[in-house]
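1. Quick check, what structure comes out for this input:
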Amino acid sequence: MNEEGTSTMSTTTNTGPDDPIELAITGMTCASCVARVEKKLGKLPGVSATANLATATAHVTREDPAVEVAELVAAVEAIGYSAEAAGTGGALEAAEAKADDAERAHVAGLRRRLTGSALLGLPVVAISMISALHFLGWEWVALALATPVVAWGAWPFHRAAALNLRHGSATMDTLVSLGVLAAYLWSAGTLAVGGEHLYLEVAVVLTAFLLAGRFFEARAKRRAGEAIRALMDLGAKDVAVLRDGSEVRIRVEELAVGDLFVVRPGEKIATDGQVAEGASAVDESLLTGESVPVEVKAGSAVTGATVNSHGRLVVRATRVGADTKLAQIAALVERAQTGKAEVQRLADRISAVFVPVVIALAAGTFGVWLLTGAAASTALTAAIAVVIIACPCALGLATPTALMVGTGRGAQLGLLIRGPEVLESTRRIDTVVLDKTGTVTEGRMRLVDVVPADGEDAEEVLRLAGALEDASEHPIAAAITNAARERLGSPLPAVTGFANTQGRGVTGQIEDRTVRAGRAVWLEEQSQVLPEELVRARKEAEAEGRTVVFAAWDGKVRGALVVADTVKATSAAAVADLKRLGLAPVLLTGDNTAAAHAVAAEVGIDQVIAEVHPEDKVAEVERLQRQGRVVAMVGDGVNDAAALAQADLGLAMGTGTDAAIAASDLTLVRGNLRAAADAIRLARRTLRTIKANLFWAFAYNVAALPLAAAGLLNPMIAGGAMAFSSVFVVSNSLRLRRFQPLR
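-> Below you'll find the model as predicted:
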C-alpha cells in the first residue's frame with residue numbers, strides 16, 4: 001500500500017482462457033469501490049468477477065476465451081483504479097515482497113498522519129472550545145495548527161474524493177473531504193474578514209477520528225495474506241539430495257520430481273514423495289489431525305512438511321512446488337478467503353445514496369435561499385451548515401470505536417476478534433463444526449489404562465513397559481514412559497540390549513529378563529498368545545479408537561497398556577454452552593470413526609464426520625453451507641486452515657498452528673474450547689453496538705439536515721450537534737467494557 005490508501009497484492013494465477021485470473025487492484029478504499037469493480041468487469045462478455053477489499057484483488061472467470069487479460073486490466077483502469085494480472089514463480093515472489101513492503105509503508109504512513117493530526121489538533125480543540133484559554137491572536141494560532149491537519153492529515157480523503165469525482169462517483173471519502181474543507185475554508189474566510197465564528201475544531205476532530213478508523217482498518221487488512229504465508233513457512237527450507245552417492249544440500253525450490261533426498265530423525269520431509277529406503281514413524285498431525293504417528297517403510301507415500309520422528313529415510317520426490325499437498329492446502333485457504341464475501345459496511349452502503357443526496361441538498365439550499373432574496377452570506381451559511389451537519393463523524397466512529405472497545409475487552413479475556421467483517425456472521429451462525437485433535441481433545445497421546453493379565457500386577461506391567469519404552473523415540477512410547485514415572489514415583493530400571501522392530505515392537509533386557517512391548521500380531525509371531533481377558537480389553541479399547549500396546553516377558557503376555565488422545569476437561573461444558581446459544585455442534589476430524597464417535601459421546605455431540613482429509617474438510621463445510629446452514633468452524637491445525645477460511649466464521653485455538661490462527665476470524669488464546677461461546681457472545685454484542693451506533697448517527701443526520709437547510713441551524717450549532725453525536729457513539733461503545741464471560 002502507499003500512503004494515499006491504495007494497495008496491491010499479487011497471488012498465483014493461471015492465464016489459460018478457461019482458468020480463473022487474479023487481478024491485483026490498486027485504489028479500492030470502500031465497499032462501493034468493490035461494487036464498481038465487479039460491475040465493470042461483469043459487463044465484459046462471459047466474465048464474472050468477485051473483488052475482495054481485504055486482499056485488494058479481483059478473482060475473475062472467463063467463459064469467452066476472446067476476452068484477454070489486457071481487456072480486464074483496461075476495464076478496471078477505465079473507472080479510475082489500477083490493475084495488473086498477478087505473476088507466477090520468481091516474479092510472483094518478487095511482487096509479493098514488493099506488495100508486503102508497500103502495505104507496511106501504508107500502515108506506517110497512516111500512523112504518522114494520525115499521530116501528527118492528533119498532536120496538532122488537540123490544542124486547536126482546547127483553545128477553540130475553552131474560553132479561558134483564549135488569548136490575543138488565538139484564532140490565527142488555531143488556523144496555523146489546523147492547516148497541516150486539513151492539507152496533509154486529510155490528504156487521503158481529498159485524493160480519493162478527487163479520483164471519484166473524475167469518474168463521476170461519490171463515496172464516504174467525498175463527504176469527509178467536503179466536510180473538512182467546508183469547516184476549514186469557512187473558518188479561514190470568516191477570520192479573513194474579521195468574523196468570530198470559527199469551526200476549525202470540527203475540521204481537525206473529523207480528520208483525526210476518521211484517520212484512526214482507517215489506520216485500524218488498514219492494519220487488519222494487512223493480515224489477509226498471513227494464513228498463506230504461515231502455511232508455506234511450515235515447509236522445509238533446504239534438503240539433502242543424493243547425487244552420485246553423496247549428499248548435496250540444496251534449496252527446496254530446486255528439487256525436481258524423481259530426485260532422491262535424505263530425511264534424518266527430527267527433520268521435516270521436504271516434499272511429497274515415496275520412501276525408497278528406511279523405515280520410521282512420521283508425525284502427520286499438522287496436516288491430517290491424526291495424533292498417532294504413521295508408520296512408513298519402503299514404498300510408503302509421505303507428505304511434505306510432516307516430521308520424521310526416528311530412523312533415516314531416503315525419499316523419492318513425486319510432487320514438487322505448487323503440486324504438493326501443502327501448496328494445495330494453501331491454495332484452498334487463499335481461494336476460500338477470496339471467495340468469502342466481505343461484509344458490506346452499513347456506513348458505506350448508506351453513503352452510496354447519502355453522499356450525493358447531501359451534496360445536492362447543500363447546493364439546493366444555497367440556490368433556494370438566493371432565489372428567495374436572501375443575502376449570499378445567509379445562503380452560504382445555510383449550505384455550509386448542511387455539509388457540516390451531514391459530516392459522517394459519528395458514522396465513521398460507529399464501527400471503529402465499538403470494534404476497539406469490543407476487541408480490547410476480548411483481548412483481556414483471551415478472545416481475539418480479527419475485524420469488523422467477522423461480526424455479522426456471528427449473528428446468523430446456527431452450526432458449529434469442531435475439529436477433534438487439539439480442539440476437543442488434548443492433541444497428545446496419554447496412557448489411559450493398564451490392564452494386567454490374570455494374576456499379574458498392573459504396577460509391575462507399567463514399570464517394566466515404561467522402562468523399556470524409555471529407550472524408544474516413538475510418541476506412544478513416550479506416553480507410556482511418562483505415565484510410569486508419574487504414577488510410580490520411583491526411578492525406572494535400566495535397559496540393555498535394546499532393539500527396535502520397526503512399526504511392530506521393541507525388545508530389551510531388564511533385571512535379567514527379556515521384556516517385549518508391541519503389537520499383538522508381533523508377539524503372536526513369537527508364540528506369545530494373548531490371554532482371553534487381554535483380547536477382550538483390546539477389542540473394547542479399539543472400539544473406542546484407542547491404541548493398545550502389550551507387554552510380555554518370560555514367554556507370556558503380562559498386560560495391555562491403552563493409549564489415547566484424551567478429551568479436554570472443559571470440552572463437555574463448552575459443547576453445552578454452544579448448545580445454549582442455539583448452535584448445533586458437529587465433530588469433524590481426520591481421525592478414525594471409532595475414536596471420533598467415542599469422543600463425541602463423551603462431550604455430548606450427536607453428529608460426527610470422521611476420516612476426512614484436509615480438502616474434504618472444506619468440502620464438508622461447503623456441504624453444510626449448501627444445506628442452508630451458517631457454519632462456524634473451530635480448529636487448531638494446518639489441516640483446519642482452509643476449512644476455517646471457508647466457514648462463515650472461523651475460530652482458531654490459540655495453542656494451535658500459526659496457519660490456523662491466521663486463517664481464522666476469532667482466536668481463543670488460551671486454547672480453551674469453553675471460550676468459543678464467549679467469543680461468539682462478545683462478537684454478537686459488538687455487532688449490536690455497531691448497529692445501534694450507526695442507527696443513531698444516521699438518525700441524527702436525517703433529523704438535523706432539514707433544520708440546517710431551513711436556516712434554523714448555524715454552522716456553530718451544527719458543529720456542536722455533530723460533536724454530541726460522536727460523544728454518544730463513543731459512550732455507547734464503552735459499555736462493551738462491562739462484558740463478562742459465562743464462566
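
2. Helix, strand, or coil at Val241?
-> When classified by DSSP: H, G, I helix; E, B strand; the rest coil, Val241 comes out as strand.

3. List the residues that contact it.
-> For Val241, the contacting residues are Glu247, Val248, Arg249, Ile250, Leu255, Asp259, Leu260, Phe261, Val262, by Cβ atoms under 8 Å, 6 or more residues apart in numbering. (C-beta placed from N, C-alpha, C; glycine too.)

4. what is the mean pLDDT for the strand or helix carrying Thr115?
-> Per DSSP states H and E, Thr115 falls inside helix 89-129. Confidence for helix 89-129, expressed as mean pLDDT, is 78.

5. any idea how far Leu143 is from Ala183?
-> Ala183 is 12 Å from Leu143, where distance means Cβ to Cβ, to the nearest Å.

6. burial of Glu456, as a residue count?
-> Glu456: 18 surrounding residues under other Cβ atoms under 10 Å.

7. on that earlier part again, if you count surrounding residues, which of Ala183 and Leu143 has more?
-> Neighbour totals were compared for Ala183 and Leu143, and Ala183 leads with 30 against 18 (other Cβ under 10 Å).

8. what helix or strand is the more buried one on?
-> In the assignment (DSSP H and E), Ala183 maps to helix 172-192.

9. Extract the C-alpha set from that helix and format it as PDB.
-> The C-alpha coordinates for helix 172-192 follow below in PDB (Å, rounded to 0.1, in the frame of the first residue of the first chain):
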ATOM      1  CA  MET A 172     -17.800   8.400   2.000                       C
ATOM      2  CA  ASP A 173     -14.400   9.900   1.200                       C
ATOM      3  CA  THR A 174     -16.200  12.600  -0.800                       C
ATOM      4  CA  LEU A 175     -18.300  13.700   2.200                       C
ATOM      5  CA  VAL A 176     -15.400  13.500   4.600                       C
ATOM      6  CA  SER A 177     -13.300  15.700   2.200                       C
ATOM      7  CA  LEU A 178     -16.200  18.200   1.700                       C
ATOM      8  CA  GLY A 179     -16.900  18.400   5.500                       C
ATOM      9  CA  VAL A 180     -13.200  19.000   6.400                       C
ATOM     10  CA  LEU A 181     -12.700  21.600   3.600                       C
ATOM     11  CA  ALA A 182     -16.100  23.300   4.300                       C
ATOM     12  CA  ALA A 183     -15.300  23.800   8.000                       C
ATOM     13  CA  TYR A 184     -11.700  24.900   7.300                       C
ATOM     14  CA  LEU A 185     -12.500  27.300   4.400                       C
ATOM     15  CA  TRP A 186     -15.500  28.800   6.200                       C
ATOM     16  CA  SER A 187     -13.300  29.400   9.300                       C
ATOM     17  CA  ALA A 188     -10.400  30.900   7.200                       C
ATOM     18  CA  GLY A 189     -12.800  33.100   5.300                       C
ATOM     19  CA  THR A 190     -14.500  34.300   8.400                       C
ATOM     20  CA  LEU A 191     -11.200  35.000  10.100                       C
ATOM     21  CA  ALA A 192     -10.000  37.000   7.000                       C
END
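
10. Need phi/psi at the residue lying closest to Ser48 once chain neighbours are set aside.
-> Ranked by Cβ to Cβ, 6 or more residues apart in numbering and with sequence neighbours excluded, the top spatial neighbour of Ser48 is Thr61, at 5.4 Å. Backbone geometry at Thr61, expressed as degrees, to the nearest 10, gives phi -120, psi 140.

11. per-residue confidence at Thr61?
-> At Thr61, pLDDT is 85.

12. That one touches Leu41, doesn't it?
-> No - using Cβ atoms under 8 Å, Thr61 is not in contact with Leu41; the gap is 10.1 Å.

13. In terms of neighbours, single out the busier of those two.
-> Neighbour count, other Cβ under 10 Å: between Thr61 and Leu41, Leu41 has more, with 24 against 13.

14. circling back to that earlier point, scan the contacts of Val241 and report the most crowded one.
-> Phe261 (25 neighbours).

15. and the helix or strand hosting that residue, how far from the chain's centre?
-> Following DSSP H and E, one finds Phe261 within strand 260-263. How far strand 260-263 lies from its chain's middle: 34 Å, per Cα atoms, centre = their mean, to the nearest Å.

16. what's the next secondary structure element after that strand?
-> strand 272-277.

17. That next one pairs with which strands, parallel or anti?
-> strand 301-302 (antiparallel), strand 313-319 (antiparallel) (DSSP bridges).

18. Using CSV, list the CA coordinates for the helix or strand following it.
-> Later in the chain than strand 272-277, the nearest helix or strand by DSSP H and E is strand 280-283. Provided in CSV are the C-alpha atoms of strand 280-283 (Å, rounded to 0.1, in the frame of the first residue of the first chain):
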residue,chain,number,x,y,z
SER,A,280,10.2,-44.7,10.6
ALA,A,281,7.1,-43.2,12.1
VAL,A,282,6.1,-39.9,10.6
ASP,A,283,4.1,-37.2,12.6
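
19. related to what we said a few turns ago, what residues are shared contacts of Thr61 and Leu41?
-> Joint contacts of Thr61 and Leu41 (Cβ under 8 Å, 6+ apart) are Val47, Ser48, Ala49.

20. From those residues, list the buried ones, please.
-> Among the shared contacts of Thr61 and Leu41, the ones that count as buried by 16 or more other Cβ atoms under 10 Å are Val47, Ala49.

21. what's the neighbour count on Lys617?
-> For Lys617, the count of nearby residues is 29 (other Cβ under 10 Å).

22. residue contacts, it?
-> Going by Cβ under 8 Å, 6+ apart, the list of residues near Lys617 reads Leu588, Gly590, Asn639, Asp640, Ala642, Ala643.

23. what helix or strand does the last one sit in?
-> When you say that, I think you mean Ala643. helix 638-646.

24. Pull the distance from that helix to the chain's centre.
-> 10 Å.

25. Quick check: next helix or strand after it?
-> Trace forward from helix 638-646 with DSSP H and E and the next one is strand 649-653.

26. Pretty sure Ala704 sits against Leu712.
-> No - Ala704 is beyond contact range of Leu712, at 9.5 Å (criterion: Cβ under 8 Å).

27. Compare those two (neighbour count), which wins?
-> With neighbours defined as other Cβ under 10 Å, Ala704 and Leu712 compare such that Ala704 has more, 22 against 12.

28. helix, strand or coil for the more buried one?
-> Counting by three-state DSSP, the backbone at Ala704 sits in helix.

29. still on that earlier bit, which of the strands paired with strand 272-277 sits closest to Arg504?
-> Arg504 lies closest to strand 313-319 among the strands paired with strand 272-277, at 17.5 Å (Cβ to Cβ).

30. Averaged pLDDT, the closest one. What do you get?
-> On average, strand 313-319 scores 93.

31. Also stretch 538-554?
-> 89.

32. CA atoms only for that stretch, dumped as CSV, please.
-> The C-alpha coordinates for stretch 538-554 follow below in CSV (Å, rounded to 0.1, in the frame of the first residue of the first chain):
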residue,chain,number,x,y,z
ARG,A,538,-8.1,-55.0,23.2
LYS,A,539,-11.5,-55.2,21.4
GLU,A,540,-13.0,-52.7,23.9
ALA,A,541,-10.2,-50.2,23.5
GLU,A,542,-10.0,-50.4,19.7
ALA,A,543,-13.8,-50.0,19.5
GLU,A,544,-13.2,-46.6,21.2
GLY,A,545,-10.4,-45.7,18.7
ARG,A,546,-7.6,-46.2,21.2
THR,A,547,-4.2,-47.7,20.7
VAL,A,548,-3.1,-50.9,22.6
VAL,A,549,0.4,-51.9,23.4
PHE,A,550,1.1,-55.3,25.0
ALA,A,551,3.9,-56.1,27.4
ALA,A,552,5.4,-59.6,27.7
TRP,A,553,8.3,-61.4,29.5
ASP,A,554,9.3,-64.9,30.4
